[in-house]
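Student: Sharing a model prediction with you, sequence too.
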Amino acid sequence: MHKELVIVLDFGGQYNQLVARRVRECNVYCEIYSYKTDLAKIQEMRPKGIILTGGPNSCYEEGAPACDKALFKMGIPILGLCYGAQVMMHVLGGTVEKAPVREYGKTNVHVNPLSALFSDVPEDTVCWMSHFDYISKTAPGFDVCAHTSECPVAAAENPSEKLYAIQFHPEVLHTQYGTKMLSNFVYNVCGCSGDWRMDAYVEQQIEALRDKIGSGRVLCALSGGVDSSVAAVLLSKAIGSQLTCVFVDHGLLRKNEGDEVEAVFGPDGDYDLNFIRVNAQERFYEKLSGVEEPEAKRKIIGEEFIRVFEQEAKKIGKVDFLVQGTIYPDVVESGLGGESAVIKSHHNVGGLPDTVDFKEIIEPLRDLFKDEVRKVGLELGIPEYLVFRQPFPGPGLGIRIIGEINAEKVRIVQDADAIYREEIAKAGLDKAINQYFAALTNMRSVGVMGDERTYDYAVALRAVKTIDFMTAESAEIPFSVLQTVMTRIINEVRGVNRVLYDLTSKPPGTIEFE
């Protein structure tokens, strides 16, 4: 389906998704694979280019992630980033060692504008450095094409072999011309034409879905979130009445959200999706009773989702396929792509049970990042207010309630979150903040209300600004707004006597609490 492919070989770097995301911004399709991927498999994929990511190791130490020298002899253009650059030099005969001065953060870099990588990039530019090792000697055949005051080899190239090494991180937004550098690589070096566009993707997916499904019956897991909503409408365009959408209200939704989802997608809504609502709150609460560990909660929720869908499928007759709104970051963070550690098992990926009573699970958005999903939604004619709604995880409030889940805790976080979202909208901040919500901590503390001692829960407020949801910074909310939210939550939500604001960025944290 994708004529052009650039692959990212992941050495465990925190920016692996970000690298692929930036390449796709250049309209070139990109996927992430482990550095351990067999060379024969790489050749079968016929990539136009390969990018080696950063990583936390020192390439000269025994047991450090490495790659076969033959990788660089395959005739495929290769770009090494940070650790990937050091591995390239180390394998090909250069020298990498501990740097006399570590560089971290925004750094002034002098580049050679005659290099194919730095075409139309200012000779002096700001880049994001993050390294304690450095390339002290380039491999034979390489020339230095960028340096800093502390790093003599900030970039090196061997144009005849189409091999390039960059010590800094062009994928990070702090590198001013980073996307331009990656664009130069995929177009100037790899010779890509840029055939990765959402309008073409939608047409191709509709045809592919029709071919795969044929006359089969399809059950779609519809949560009302952006991903599952786009998946449902895409399937509806492809197969029409063969699709049935089941919305499982697991009791972990935002306040009044079950009714809102039904109003949009149900019989009186704008879409003909054969909508079925299943109220399964008590079933999920019972399964989650006494469970505190986040991964265990995710897997229980994933298991129950599937079992509910199986039961509904039997009620409506033979169903061949289950559709889910899985997206690419779900896959990577669940440890099914690249080499990075499992961050969290998404309920629709790593949280699925081993056996399911369907012929196949279809995930039409599995290749897409979140902003690409939104573009598909707009291409399908879904209204902007639905496409750009606040992200909400599949496990819902199950991962915004720290520790054990019960109906009382759900009520607390629903009420607190509703107040928070209402005040953010009143302040006109809802368009400026990419994601914001309230979570219930597992901490209880002493307070005083009405001259009486209380021992109640603390609610944590989260708000972040991000472009791609792979990195994020805490949003600066005016103190007066936070004070209003705090006062309302403590006065109006029974069981809360303390409100906190989470300042943590991603990384080191994640956007969700669990």
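Tutor: Arrived safely, thanks for sending.
Student: how distant is whichever strand in the chain runs longest from the center of its chain?
Tutor: The longest strand of the chain (DSSP state E) is strand 95-111. Centroid displacement of strand 95-111 relative to its chain, using C-alpha atoms, centre = their mean, to the nearest Å, is 29 Å.
Student: Tell me which residues of that strand come out buried.
Tutor: 96, 99, 103, 107, 109, 111 (16 or more other C-beta atoms under 10 Å). In this view, the C-beta of every residue, glycine as well, is placed from N, C-alpha and C.
Student: list the helices and strands that strand packs on?
Tutor: Other helices and strands packing on strand 95-111, by 3 or more C-beta pairs under 8 Å, 6 or more residues apart in numbering; DSSP states H and E, are helix 83-91, strand 124-137, strand 143-147.
Student: Put together CSV for the ones you listed, with mean neighbour count and distance to Val202 on each row.
Tutor: Converted to CSV, the helices and strands packed on strand 95-111 look like this (neighbours: other C-beta atoms under 10 Å; distance: least, C-beta to C-beta, whole Å):
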stretch, mean neighbour count, distance to Val202
helix 83-91, 26, 33
strand 124-137, 19, 34
strand 143-147, 19, 39
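Student: which residues of the stretch 401-514 of the chain score low on pLDDT?
Tutor: 451, 468, 470 (pLDDT under 70).
Student: Repeat that for the chain.
Tutor: 1-2, 333-357, 451, 468, 470.
Student: centroid residue for it?
Tutor: Pro329 (3.4 Å; C-alpha atoms, centre = their mean).
Student: and the residue nearest to it when sequence neighbours are not counted, what helix or strand is that in?
Tutor: Closest residue to Pro329 apart from its sequence neighbours, by C-beta to C-beta, 6 or more residues apart in numbering: Gln17 at 5.9 Å. Element membership for Gln17 (DSSP states H and E) is helix 16-25.
Student: likewise Cys67?
Tutor: Counting by DSSP H and E, Cys67 is part of no helix or strand.
Student: my read: it touches Thr53, true?
Tutor: No. When contacts are counted by C-beta atoms under 8 Å, Cys67 is not listed as touching Thr53 (11.5 Å).
Student: intersection of neighbour lists for these two?
Tutor: Common neighbours of Cys67 and Thr53, using C-beta atoms under 8 Å, 6 or more residues apart in numbering, are Leu9.
Student: who's more crowded, these two?
Tutor: Counted by other C-beta atoms under 10 Å, Cys67 and Thr53 do not tie: Thr53 has more neighbours, with 30 against 23.
Student: Which strands or helices does the helix of greatest length in the chain pack on?
Tutor: When the chain is parsed with DSSP state H, its longest helix is helix 294-316. The contact analysis (3+ C-beta pairs under 8 Å, 6+ apart) places helix 294-316 against strand 218-221, strand 243-249, strand 275-279, helix 281-288, strand 321-323.
Student: between those, which gets nearest to Gly75?
Tutor: Counting by C-beta to C-beta, Gly75 lies closest to strand 321-323 out of the helices and strands packed on helix 294-316; the figure is 39.9 Å.
Student: Can you point out the buried residues in the closest one?
Tutor: 321-323.
Student: Equivalent analysis for stretch 189-202, please.
Tutor: 189-190, 192, 196, 198, 201-202.
Student: And for it, what's in contact with it?
Tutor: Applying C-beta under 8 Å, 6+ apart, the set of residues contacting stretch 189-202 is 2-4, 6, 24, 26-29, 48-49, 77, 79, 116-117, 162, 164, 186-187, 234, 372, 375-376, 379-380.
Student: In strands, which of the residues you listed appear?
Tutor: Using DSSP E, the contacts of stretch 189-202 in strands are 6, 49, 79, 164.
Student: beta partners for the third one?
Tutor: Think Leu79. Under the criterion DSSP bridges, Leu79 forms beta bridges with Ile51, Tyr164.
Student: Assess the claim that Val413 and Leu397 are in contact.
Tutor: Yes. With contact defined as C-beta under 8 Å, Val413 reaches Leu397; the gap is 5.4 Å.
Student: Kindly reformat the helices and strands packed on strand 95-111 as JSON lines containing distance to Pro508.
Tutor: Shown next, in JSON lines, are the helices and strands packed on strand 95-111 (distance: least, C-beta to C-beta, whole Å):
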{"stretch": "helix 83-91", "distance to Pro508": "19"}
{"stretch": "strand 124-137", "distance to Pro508": "13"}
{"stretch": "strand 143-147", "distance to Pro508": "29"}
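Student: what helices or strands is the helix or strand containing Val264 leaning on?
Tutor: Element membership for Val264, per DSSP H and E: helix 257-265. Here helix 257-265 touches strand 243-249, strand 275-279, going by 3+ C-beta pairs under 8 Å, 6+ apart.
Student: Fine by me, we can end here.
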